[in-house]
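J.: Test case, fold it:
(chains A and B)
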Amino acid sequence: MKRLGLIILAAAVVIAAAVAVFLFKPASLPDVSVAQAALPTGQALIDRGEYLARAADCVACHTTSGGKPYAGGLAFKLPFGTLYAPNITSDKETGIGDWSDAEFVRALHQGIDRQGHNLYPAFPYAAYARMTTEDALAIKAYLFSLPAVHADAPKNDLIFPFNQRYIMRFWNLLFVPGGALQPTASESAEWNRGAYLVEAMAHCGECHTPRNVFYALDSGKTFAGAELQGWKAYNISSDKRTGIGNWTDEQLFDYLSKGHAEGRGSPTGSMGEAVDYSLRHLTPEDIKAIVAYVKTVPPQVSSDQAIVEAEPATLKASIAYAPSGDAAAQGGLGLKLFQGACASCHGWNGEGLQTPYAALRGSRTVNDPDGTNLIQVILKGAHMTTATGAQAMPAFANAYSNVEIAALGNYVLAHFGGRQSAITPADVAKARTQ
Amino acid sequence: MIALNVNGEDRSVDVPEDMPLLWVLRDVIGLTGTKFGCGIAQCGACTVQLDGQPVRSCVLPVASVGTRRVTTVEAIGATAGGKKVQQAWLDLEVIQCGYCQSGQIMSASALLERNPDPSDSDIDAAMSGNICRCGTYTRIRAAIKQAAKA
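T.: Have a look, this model is predicted:
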């Protein structure tokens, strides 16, 4: 009996030691010499890095609104506290100016900083792990070609145990793939390029795939849609009803490359930023590759009710300048607000009066009875840089009360989506805090 | 250089493509009948027509005009509908201070072009985005109805 106890104790000590080694063993650095040798130098490398940094959309998270590009500071409010994006300019004190190539590659592929500390996966290294070492180094060359910005990002504010960085090693073991994405031989070169851009670069799944209990992407529900920071990232799987399975290639191409698709509306919120900062800068070939790949992602039926009614009777009965006489005669606060503040740009028939970017017909945001993104857009406005100048919608958060915005939201859903909805002033109040 | 057709005249303006059409009209071409109000498409004072459709020129990048023909209040009287609207405005003495009225006239004439016999609610739907600080709304509504009958 005594002997058994000793064996158990010894086993426990060995296991504890193994876990301790796993958690606290200093991280090693990858060998990047082969990739370094394969890369161009000088401006050619910087240009390649600029394109890839856009494809990976680094700037969206590493820049605050109105702040200097890549200087960090943007807050990520999570259930376990707040994270702040670090400064990734070449400033030696507050940025990454002292990082070696191997350290940079290790950060992108393994989520480990220069000192060997684990980073948090708000930084999408589980996606960037699939990036080639060459592409990672090109991005570094581009970042180091930009002006250094001296700016300390605020300190993270996480609750225990999430403030213990080493626990991420367990997470990494489970959820971070090893090695660059390998081409699928049975698929075309275009599809493989699209897969690489979507999975290793644009990290679409970080928003569009729901998370599991470990806050990792649920690999069984790829692109099924999720909600984060008060916005919905819609289902972008190939499901025809709740995903993008019914979109034409041209609609997907336009939406991603121009920020508007006929009959599908315009992206706003984080997706608007993704188009503005990243996707619209990609070549037409790369956008086509993304479309080719995304269309083959297996359908995921989601419970989201943001299902588009393409031609609601309310729109058919409208002209650009007015809804049907019956609808107008009903009146109400929502209609009053829409005609005063919205109709001059959006029009009444869903086609957009001021610009096609204001066309609402077919947009999921005006077809979602939850009104989640609709309220956010009304509160915060929208912006899109286009080939013919910037298009913008003002933010109405300070212009209208919660009662007014709730009424307006319900009216817009009824008129543009033919939807019954029940947005309450409390919903608007909550959205204001997100 | 950006090519524009303003009030029937072809013009070429040397401006950044992001410049709002309103600035081009007022500051570059010198057509000051169109007014600046809020700058965020919420008051309607800057309304002009593109191929007959009312737009807020204060937020319209000049490059997005393309080949569409720009009509401003200076030339709306040359159209049959615009002439009727202006006459009705004079007959009913709609204007008080006048600052918003070029926008009101541009919206009203566009409405009548599409809807020759608008009801009160049609007028509200089309005209509520044109704000009048003097509160001439009842006279605007009456003048649109008079122009429709003219």
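J.: where does residue A:1 land on pLDDT?
T.: At residue A:1, the predicted lDDT confidence score is 64.
J.: Also the one 10 residues further on?
T.: pLDDT recorded at residue A:11 is 87.
J.: For burial, what's the neighbour tally of it?
T.: 10 (other Cβ atoms under 10 Å in any protein chain shown). All C-beta spots, glycine's among them, are computed from the backbone N, C-alpha and C.
J.: where do the helices sit along chain B?
T.: Here chain B has its helices, by DSSP state H, at B:21-23, B:73-76, B:80-91, B:101-114, B:120-127, B:137-149.
J.: my bad, the stretch 201-350 of chain A
T.: Applying DSSP state H, counting those that start in this stretch to the stretch 201-350 of chain A gives helices spanning A:205-208, A:249-258, A:269-273, A:284-294, A:313-316, A:325-330, A:333-337, A:343-346.
J.: closest to residue A:77 out of the ones you listed?
T.: helix A:269-273 (13.4 Å; Cβ to Cβ).
J.: That closest one - contacts with which helices or strands?
T.: Contact analysis of helix A:269-273 by 3 or more Cβ pairs under 8 Å, 6 or more residues apart in numbering or on different chains; DSSP states H and E lists strand A:231-233, helix A:372-380, strand A:382-386 as its packing neighbours.
J.: between those, which gets nearest to chain B?
T.: strand A:382-386 (7.4 Å; Cβ to the nearest Cβ).
J.: Next, the angle helix A:372-380 makes with the closest one.
T.: For strand A:382-386 against helix A:372-380, the angle by axes from the mean of the first three to the mean of the last three Cα atoms, to 10 degrees is 90 degrees.
J.: re the thing from before, need the helices of the stretch 201-350 of chain A in TSV (columns: mean pLDDT and mean neighbour count).
T.: TSV is the format used below for the helices of the stretch 201-350 of chain A (pLDDT from 0 to 100; neighbours: other Cβ atoms under 10 Å in any protein chain shown):
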stretch	mean pLDDT	mean neighbour count
helix A:205-208	96	24
helix A:249-258	98	18
helix A:269-273	96	19
helix A:284-294	98	20
helix A:313-316	93	16
helix A:325-330	80	14
helix A:333-337	96	20
helix A:343-346	96	24
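J.: With distance to residue B:98 as new columns, can those be given to me in JSON lines?
T.: Output for the helices of the stretch 201-350 of chain A, formatted as JSON lines (distance: least, Cβ to Cβ, whole Å):
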{"stretch": "helix A:205-208", "distance to residue B:98": "50"}
{"stretch": "helix A:249-258", "distance to residue B:98": "40"}
{"stretch": "helix A:269-273", "distance to residue B:98": "39"}
{"stretch": "helix A:284-294", "distance to residue B:98": "49"}
{"stretch": "helix A:313-316", "distance to residue B:98": "36"}
{"stretch": "helix A:325-330", "distance to residue B:98": "29"}
{"stretch": "helix A:333-337", "distance to residue B:98": "26"}
{"stretch": "helix A:343-346", "distance to residue B:98": "20"}
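J.: picking that back up, out of the helices of chain B, which one sits most buried?
T.: helix B:101-114 (a mean of 25; mean count of other Cβ atoms under 10 Å in any protein chain shown).
J.: Find the nearest non-adjacent residue to the residue of chain B found nearest chain A, please.
T.: Residue nearest to chain A within chain B: residue B:61 (2.3 Å; Cβ to the nearest Cβ). Nearest non-adjacent residue to residue B:61, counting by Cβ to Cβ, 6 or more residues apart in numbering or on different chains: residue A:389, 2.3 Å away.
J.: Phi and psi next, for the one you found.
T.: phi 100, psi 170 (degrees, to the nearest 10).
J.: So what's the residue count around residue A:90?
T.: That count, for residue A:90 with other Cβ under 10 Å as the rule, works out to 19.
J.: That one in helix, strand or coil?
T.: Here residue A:90 is coil, with the state taken from DSSP: H, G, I helix; E, B strand; the rest coil.
J.: Distance check, it against chain B.
T.: 30 Å (Cβ to the nearest Cβ, to the nearest Å).
J.: wait, what's in contact with that residue?
T.: A:96, A:97, A:143, A:144, A:146, A:148 (Cβ atoms under 8 Å, 6 or more residues apart in numbering or on different chains).
J.: quick one, longest helix in chain A?
T.: Max-length helix for chain A by DSSP H is helix A:2-24.
J.: who touches that helix?
T.: With Cβ under 8 Å, 6+ apart, helix A:2-24 has contacts from A:166, A:167, A:169.
J.: how close does the nearest residue to the first one once chain neighbours are set aside get to chain B?
T.: What that stands for is residue A:166. Leaving aside its chain neighbours, residue A:166 sits nearest to residue A:23 (4.7 Å; criterion: Cβ to Cβ, 6+ apart). Residue A:23 sits at a distance of 53 Å from chain B (criterion: Cβ to the nearest Cβ).
J.: what number of residues lie near residue A:23?
T.: 14.
J.: Indicate which one of the helices of chain B is closest to residue B:33.
T.: Closest among the helices of chain B, using Cβ to Cβ: helix B:73-76, at 4.3 Å.
J.: Would you mind listing the residues in contact with residue B:35?
T.: B:45, B:46, B:99, B:100, B:102, B:103.
J.: for the residues you listed, which one is nearest residue A:174?
T.: residue B:46 (57.2 Å).
J.: pretty sure the closest one contacts residue B:72?
T.: No: counting by Cβ atoms under 8 Å, residue B:46 stays clear of residue B:72, with 10.0 Å between them.
J.: Who has more neighbours out of those two?
T.: More neighbours surround residue B:46 than the other of residue B:46 and residue B:72, with 29 against 24 (other Cβ under 10 Å).
J.: now the helix or strand bottoming out on mean pLDDT in chain B, how far from the centre of its chain.
T.: One helix or strand of chain B scores below all others by mean pLDDT, DSSP states H and E: helix B:120-127, with a mean of 94. Chain-centre distance of helix B:120-127: 16 Å, with Cα atoms, centre = their mean, to the nearest Å.
J.: who touches it?
T.: A:321-323, A:325, A:328-329, A:331, A:339, A:343, A:348, B:104, B:107-108, B:110-111, B:115, B:118, B:140-141, B:144-145.
J.: repeat that for 7 Å
T.: With contact meaning Cβ atoms under 7 Å, 6 or more residues apart in numbering or on different chains, helix B:120-127 is reached by A:321-323, A:325, A:328-329, A:339, A:343, A:348, B:107-108, B:111, B:115, B:140-141, B:144.
J.: how far away is residue A:357 from residue A:112?
T.: Counting by Cβ to Cβ, to the nearest Å, the separation of residue A:357 from residue A:112 is 42 Å.
J.: And for residue A:160?
T.: From residue A:160 to residue A:112 the distance is 21 Å (Cβ to Cβ).
J.: neighbour count winner among the two?
T.: residue A:112 (23 against 8).
J.: quick one, what contacts residue A:233?
T.: Contacts of residue A:233 by Cβ under 7 Å, 6+ apart are A:207, A:208, A:225, A:226.
J.: Save these as JSON lines, and put in distance to chain B too.
T.: Formatted as JSON lines, the contacts of residue A:233 follow (distance: Cβ to the nearest Cβ, whole Å):
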{"residue": "A:207", "distance to chain B": "29"}
{"residue": "A:208", "distance to chain B": "30"}
{"residue": "A:225", "distance to chain B": "32"}
{"residue": "A:226", "distance to chain B": "32"}
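J.: Centre of the chain to the longest helix of chain A, how far?
T.: Distance, centroid of helix A:2-24 to centroid of chain: 43 Å (Cα atoms, centre = their mean).
J.: Past it, which element shows up next along the chain?
T.: Later in the chain than helix A:2-24, the nearest helix or strand by DSSP states H and E is helix A:33-38.
J.: Against which helices or strands is that following helix packed?
T.: Packing partners of helix A:33-38 (3 or more Cβ pairs under 7 Å, 6 or more residues apart in numbering or on different chains; DSSP states H and E): helix A:133-145.
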